[in-house]
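J.: only geometry, no sequence info:
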């Protein structure tokens, strides 16, 4: 069993102990589920009320957190510190062993880096290159001439089609499809004719892609995902899309062809973007929003079609008061009618 | 060929024959496609007009159904009775045979229950336990220390990652992913750092999960799906979500992290729920709605952001009449201007 | 290396050269990425400004395109011509070789057509029929009694469940699920009871289905996809849906049970359709729209609930001006109050 004193943990995290630094920590858990012996964390003010009732032996919190009944470690970024503590108490022990499983079909024309691992029932085609220490779990398909960098982790049943390139330290969750054909058809004489999709997908370093997400290859040239970008489950990224660095794309988002995200863009869950637009650096798109035109940098947009969040909120607030507006208009009509009647009677007099 | 007289079927269903009970039924079909010899059912009043024109030899209907040209079986719940009749005429005959297929890679540290079946190209890791009579079809991945109860059916290419637990009689359709990492990142110094997701997913009994649906493991502790809950295709369930018993989650719904559904909740297709809220017992969320705050029990909500359905309908009805409101306001402005003009002329006089 | 003179290409495309027909073309690329030696195309007026700056040696454009600094091939349908040119310069060379891979598990009761190819780790059950020259890539599951026509291409990890039928020249991208159970449950005594789904899916010729898309089998009878229909990634098609010929269904669309699309329907990305409605021939549903009732032929609908696009646009424009309407009403109230005050003072006088 892994144990640390609170003071030892604080030192590893660059934090400051408030309370008894000698207590022993043996695990880590969420604030509601933690048990004695666990350390937990408080990063969302929504959970502040749990600070008094949690059974955790200690809590990681912000520098300015108010004192509590139990020992604290104060840090600059509690969620980041929590991330490190989880790795301490729950190291990753189940990694697939290096080497090629005998049931995998690896082309003699493929290259597998030192200490890389190719799991059962994988298929690795000619020209594929797998970097050092990368782990490819069971049932993955890696097409011709693909490249996967070092220290990547591909969970079971990932498909990376021919010519696609991944950087280092990428994580692809089960069922991810990289490099399927873009959705392009030319209409002629009553039917649609497939436009061959002969580009590829190029993915940077430290990219994570969620379960069953699909990223289409470019018609020609490349669909691109920048370094450090994190993509959730069931996301659709169309052909020739360019995603910048350090973007966050929440589950079930859809991005249409040739649209570009600059760096540090955040897209809320189920948002949809039309093709051929640009989302500026550090812009945020609200959940379920439908973006029909380019968004300037540092802007938050919401709604369908998406507009600046402040504008949307104002319009939405007015819309809530529509019934009263109808009533006010009806009252005005009656009052004006009365005034007009009086006027008429006067004229007659 | 399986045959039954109408009277025999009525007895099996606890229903009452109206008409000739001696006719022979040889199959079952929808009301529009049924042929002579088939029995069909009427559960949706939308299809009542087909009652006169269906070619079916008999119809299962509600107790209060009006008489028709053809023989009826009247029952309390026609859709439930139909479900039983389908099983009579179309028994499930294609079940994979018990035993471990020679191409499957089953760890010696895994346990496979009596009469369970592990299909071709499956991978079952150490510590995994598969219950009696459960069927795991080809290409499934079952991680370390998972447990699957008795009489489960996993269709091809399902992934259940390490430590996740399933109850009895669960059905997981092709491509389901249980236990992929939750989407959690701590931002620091210009980039996102992965928060390890070390919890699991715990699924109750009699749960069905649709094709390519993804259910993320908890950061710590468990994401939970209660007994009897039915989940459609392409649904996303985030980390630490709690779904109660007997919920219905229609296709393409997205539920963000730490949100809770109490029992008997229904979520319409493509609905999206933000994180950290509670949907009360027996509440219903309309299709495509965006739920941004908790919903009380026994409530129907609709829209974006979702509000009580009655409120939404009223606001929507007013919004339809906006053009007229603009006209009425314009007319009022003209009338008031006229009154003011008259007043001014009067003053001058 | 494949090369053509511009004049040769024009002849193959039935187009007309404007400029020097003797220049040599060695590749094909998008207008922004093209390099000297490449031919590119202009089909979207949005990209017209690139015509002056592209490095391409020649451009395929419409018959009425204005002259440019570089050689042109003028054709009737530039996108269609581009499609042909891509095939010339980038022929499909990576096709899996014919024959059954030794790691595939093919039932002796299955039939595999001449020159068909069954990839590694596939499973083909008894009664399955694979047509001539069809290619089934690694890890596909083809159930009992399915049929796949000639010249089909199934990418890795496709599931086609028992009894489902595909026509000729279909393309199914990775992770597609055809024939999973429809979402049907009868509620009784506090829980949901599965309605067995014993129909199938019938897919016509020249159908393309995007990655991780799911198409459910009918309860009884068939879910149908007509000839020439193209379906994008992550689409959900419910049980007993009928899709006509030459429809376009963009990514993440959801179609509920028993709904019918007539021929040449287009559904924008993330649109959702309720069950039991009909979308008329050549109708178009806007992206993210929620369709709650049938749509007549040749109609464009948008919004939630979807209405004719012109109506939606008008209502939306009025809604943008709501804040002004509130101001106008407030101003009217003040003016009427003043008029009433004057009237009262008058009466007193």
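T.: On my side now, so go ahead. Source: prediction; values computed, not measured.

J.: Please, where are all the helices along the stretch 1-150 of chain A?
T.: A:6-13, A:78-89 (DSSP state H, counting those that start in this stretch).

J.: Which secondary structure element is home to residue A:346?
T.: Secondary structure from DSSP states H and E places residue A:346 in helix A:322-348.

J.: and the stretch 101-250 of chain A, which of its residues are near chain B?
T.: For the stretch 101-250 of chain A, the contact set with chain B under Cβ under 8 Å from any Cβ of the partner chain comprises A:101, A:103, A:119-121, A:137-139, A:155-157, A:171, A:173-175, A:206, A:208, A:210-212, A:228, A:230, A:232-234, A:246, A:248, A:250. (Each C-beta comes from the backbone N, C-alpha and C, glycine too.)

J.: Got the domain ranges for chain A?
T.: A:4-89, A:99-310, A:314-349 (automatic domain parsing).

J.: Okay, buried residues for the shortest one please.
T.: Right, the one you point to is domain A:314-349. Buried residues in domain A:314-349, counted by 16 or more other Cβ atoms under 10 Å in any protein chain shown: A:315, A:318-319, A:322, A:325-326, A:328-329, A:332-333, A:335-336, A:339, A:342-343.

J.: The residues you listed also near chain C: which ones?
T.: Near chain C, by the rule Cβ under 8 Å from any Cβ, you find A:315, A:318-319, A:322, A:325, A:328-329, A:332, A:335-336, A:339, A:342 out of the buried residues of domain A:314-349.

J.: In JSON lines, list those residues along with pLDDT and distance to chain B.
T.: Formatted as JSON lines, these follow (pLDDT from 0 to 100; distance: Cβ to the nearest Cβ, whole Å):
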{"residue": "A:315", "pLDDT": "95", "distance to chain B": "11"}
{"residue": "A:318", "pLDDT": "94", "distance to chain B": "11"}
{"residue": "A:319", "pLDDT": "93", "distance to chain B": "7"}
{"residue": "A:322", "pLDDT": "94", "distance to chain B": "4"}
{"residue": "A:325", "pLDDT": "95", "distance to chain B": "7"}
{"residue": "A:328", "pLDDT": "95", "distance to chain B": "10"}
{"residue": "A:329", "pLDDT": "95", "distance to chain B": "5"}
{"residue": "A:332", "pLDDT": "95", "distance to chain B": "6"}
{"residue": "A:335", "pLDDT": "93", "distance to chain B": "10"}
{"residue": "A:336", "pLDDT": "93", "distance to chain B": "5"}
{"residue": "A:339", "pLDDT": "92", "distance to chain B": "6"}
{"residue": "A:342", "pLDDT": "87", "distance to chain B": "10"}
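
J.: of all the domains of chain A, which lies closest to residue B:272?
T.: domain A:99-310 (4.7 Å; Cβ to Cβ).

J.: what about the closest one, start to end distance?
T.: Terminal residues of domain A:99-310 are spaced 55 Å apart (Cα to Cα, to the nearest Å).

J.: Looking at the ones next to chain C among the buried residues of domain A:314-349, which is nearest chain C?
T.: residue A:318 (4.3 Å; Cβ to the nearest Cβ).

J.: circling back to that earlier point, looking at the residues of the stretch 101-250 of chain A next to chain B, which are in strands?
T.: A:171, A:208, A:230, A:248 (DSSP state E).

J.: Tell me which two of those sit farthest apart.
T.: Pairwise over those, using Cβ to Cβ, the maximum falls at A:171 and A:248, 14.7 Å.

J.: check contacts around the closest residue to residue A:244 other than its chain neighbours.
T.: Nearest residue to residue A:244, sequence neighbours excluded (Cβ to Cβ, 6 or more residues apart in numbering or on different chains): residue A:263, at 3.9 Å. Residue A:263 is in contact with A:226, A:244-247, A:281-282, counting by Cβ atoms under 8 Å, 6 or more residues apart in numbering or on different chains.

J.: hmm, try it at 7 Å
T.: A:226, A:244-246, A:281 (Cβ atoms under 7 Å, 6 or more residues apart in numbering or on different chains).

J.: Let me see the mean pLDDT of stretch A:193-213.
T.: What stretch A:193-213 shows for mean pLDDT is 97.

J.: Quickly note the distance from residue A:48 to chain C.
T.: Distance, residue A:48 to chain C, by Cβ to the nearest Cβ, to the nearest Å: 36 Å.

J.: can you count the residues close to that residue?
T.: Per other Cβ atoms under 10 Å in any protein chain shown, the neighbour tally for residue A:48 reads 14.

J.: How about the one 5 residues further on?
T.: The number of residues packed near residue A:53 is 9, by other Cβ under 10 Å.

J.: Let's see the distance spanning stretch A:105-124 from one end to the other.
T.: OK, stretch A:105-124 end separation, Cα to Cα: 6 Å.

J.: So what touches it?
T.: A:96-101, A:103-104, A:125-142, A:150, B:105, B:121, B:123, C:103, C:120-121, C:138.

J.: Which strand or helix spans the closest residue in space to residue A:185 that isn't next to it in sequence?
T.: Using Cβ to Cβ, 6+ apart and skipping residues adjacent in sequence, the residue nearest residue A:185 is residue A:192, 3.7 Å away. Here residue A:192, judged by DSSP H and E, is contained in strand A:191-194.

J.: What is that strand packed up against?
T.: strand A:185-188, helix C:78-89 (3 or more Cβ pairs under 7 Å, 6 or more residues apart in numbering or on different chains; DSSP states H and E).

J.: in the stretch 151-300 of chain A, which segments are predicted with low confidence?
T.: Residue ranges of the stretch 151-300 of chain A with pLDDT under 70: none are present.

J.: With neighbour count as added columns, please give the ones in strands among the residues of the stretch 101-250 of chain A next to chain B in TSV.
T.: Output for those, formatted as TSV (neighbours: other Cβ atoms under 10 Å in any protein chain shown):
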residue	neighbour count
A:171	20
A:208	21
A:230	21
A:248	20
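
J.: So which residues of the stretch 201-349 of chain A form helices?
T.: Under DSSP H, counting those that start in this stretch, the stretch 201-349 of chain A gives helices at A:309-320, A:322-348.

J.: Can you tell me which of those helices is nearest to residue C:8?
T.: helix A:309-320 (54.9 Å).

J.: Return the angle between stretch directions for the closest one and helix B:309-320.
T.: Here the directions of helix A:309-320 and helix B:309-320 differ by 100 degrees (axes from the mean of the first three to the mean of the last three Cα atoms, to 10 degrees).
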